[in-house]
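Engineer: here are the coordinates; sequence isn't available:
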């Protein structure tokens, strides 16, 4: 039953207060060409069973990630998730409607958030991590705002090999903060020939780079970190594949000041694009400027171990002008799944998983390099790399999809000038048969 508490007099009074004659006047800023001139072309009424059948038929047109050889990545990755993760996240210790504001009845939530923060800090090589953010891209935007607060500078340098959607989010969140701020977004450099050091000056607040970058390349960021620090700027390091941190040097070891990334790879399925979770870590000296919440360990009046909400610099907790962010919640369930999966893996398991991913990616790259016309661009990578093919990469991918192989992401989807490049991701879920099927399909479509 619909609940419509307003009557015609109520609506008339509200419209009068707003100075408009009708509800339609509220939409007059929407261009005429963007408006519908009638109802949607849908049946007026159908029963639940009929609607269910129709939706299931539509869903069946999708090719599910696990149903065919799958090499799609570029920011979201298919990994095996142990069944125990889904079981454990439903335990009563974690299923509470109470927020961490009430520590006496939310100890389970506070404890896993404390352990989540510890895991993220160790993974990234940083001093402190917060209790998660919405996703990697919004975490990247928050990191840039944090760097601007710390340095009191506005200029932002974005690597061309930063994930394009992350760069879009940075441009969006900084657009309205200051009229004079400047975001310098570099062109993509699939072969790694990008010089960011020469762009750093006394106005620079931060340099944002991704490692492994969008094209899968690995970099030693120590020199870039030193150059940024010499100019008084910060280095923000982004990652989209959290499993890579089990195999490569951590951003903290290379001098990063803020590290942000996507945590979906660990404990969370693809889920048609979300929900995911953002990981955010920084140095101890910057903790007061870190957005989000921080949980801490303590003891109660009887000396027993307990957990509390230690730091929260949000608008709800402190004066609005002192707040660091308006982020109001973390990705609780996703961060819980991340924490449980990480706990099950342990350090040894994560390193083994990362090594397995890299080994399969190396085998795939070597196999594709033997396909006539294919060039592997990377001289280094973790589990993701870029190939160049003759002709349109997007068309080649569509033709391979028709053969039942999801063969990666065409770079032209984000950078139209690079229409012959494909980014492929290989994880522990890919079998030798998958790799062989990919090579066969690519060989056929390129003939």
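Structural biologist: Received, thanks. Worth saying up front: this structure is predicted, and the values here are computed from it rather than measured.
Engineer: CA atoms for contacts and neighbours, from now on please.
Structural biologist: Noted.
Engineer: Touching, residue 121 and residue 115? I think so.
Structural biologist: No - at 9.8 Å, residue 121 and residue 115 do not qualify as touching, with contact defined as Cα atoms under 8 Å.
Engineer: quick one: common contacting residues for these two?
Structural biologist: Shared contacts of residue 121 and residue 115 (Cα atoms under 8 Å, 6 or more residues apart in numbering): none.
Engineer: ok, what's across the strand from residue 312?
Structural biologist: According to DSSP bridges, the partner residues bridging residue 312 are residue 293.
Engineer: So for it, what's the pLDDT?
Structural biologist: Per-residue pLDDT puts residue 312 at 77.
Engineer: so how far is residue 428 from residue 357?
Structural biologist: 5 Å (Cα to Cα, to the nearest Å).
Engineer: More neighbours: which of those two?
Structural biologist: For residue 357 versus residue 428, neighbours defined as other Cα atoms under 10 Å are more numerous around residue 357 (24 against 18).
Engineer: Show the model's pLDDT score for that one.
Structural biologist: 98.
Engineer: For it, give me its contacts.
Structural biologist: 382, 383, 426, 427, 428.
Engineer: mind listing which of those are in helices?
Structural biologist: Cross-referencing those against helices under DSSP state H gives no overlap.
Engineer: now, among those residues, which is nearest to residue 230?
Structural biologist: Lowest distance from residue 230 to those (Cα to Cα) belongs to residue 382, with 30.0 Å.
Engineer: In contact with that closest one: list those residues for me.
Structural biologist: 212, 216, 217, 218, 244, 247, 357, 358, 361.
Engineer: Could you dump those residues into JSON lines and include distance to residue 95 and secondary structure?
Structural biologist: Listed next are those as JSON lines, based on distance: Cα to Cα, whole Å; DSSP: H, G, I helix; E, B strand; the rest coil:
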{"residue": "212", "distance to residue 95": "35", "secondary structure": "coil"}
{"residue": "216", "distance to residue 95": "38", "secondary structure": "coil"}
{"residue": "217", "distance to residue 95": "40", "secondary structure": "coil"}
{"residue": "218", "distance to residue 95": "40", "secondary structure": "coil"}
{"residue": "244", "distance to residue 95": "31", "secondary structure": "helix"}
{"residue": "247", "distance to residue 95": "34", "secondary structure": "coil"}
{"residue": "357", "distance to residue 95": "33", "secondary structure": "helix"}
{"residue": "358", "distance to residue 95": "36", "secondary structure": "helix"}
{"residue": "361", "distance to residue 95": "38", "secondary structure": "helix"}
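Engineer: So which of the residues you listed is the closest to residue 289?
Structural biologist: Looking across the contacts of residue 382 and measuring by Cα to Cα, the closest to residue 289 is residue 212, at 26.3 Å.
Engineer: Wait, that closest one touches residue 383, no?
Structural biologist: No - using Cα under 8 Å as the test, residue 212 is too far from residue 383 to be in contact (9.2 Å).
Engineer: which neighbours do those two share?
Structural biologist: Counting by Cα under 8 Å, 6+ apart, the contacts common to residue 212 and residue 383 are residue 244.
Engineer: in the sheet, who's paired with the nearest residue to residue 135 once chain neighbours are set aside?
Structural biologist: Using Cα to Cα, 6 or more residues apart in numbering and skipping residues adjacent in sequence, the residue nearest residue 135 is residue 278, 3.7 Å away. On the basis of DSSP bridges, residue 278 is bridged to residue 133, residue 262.
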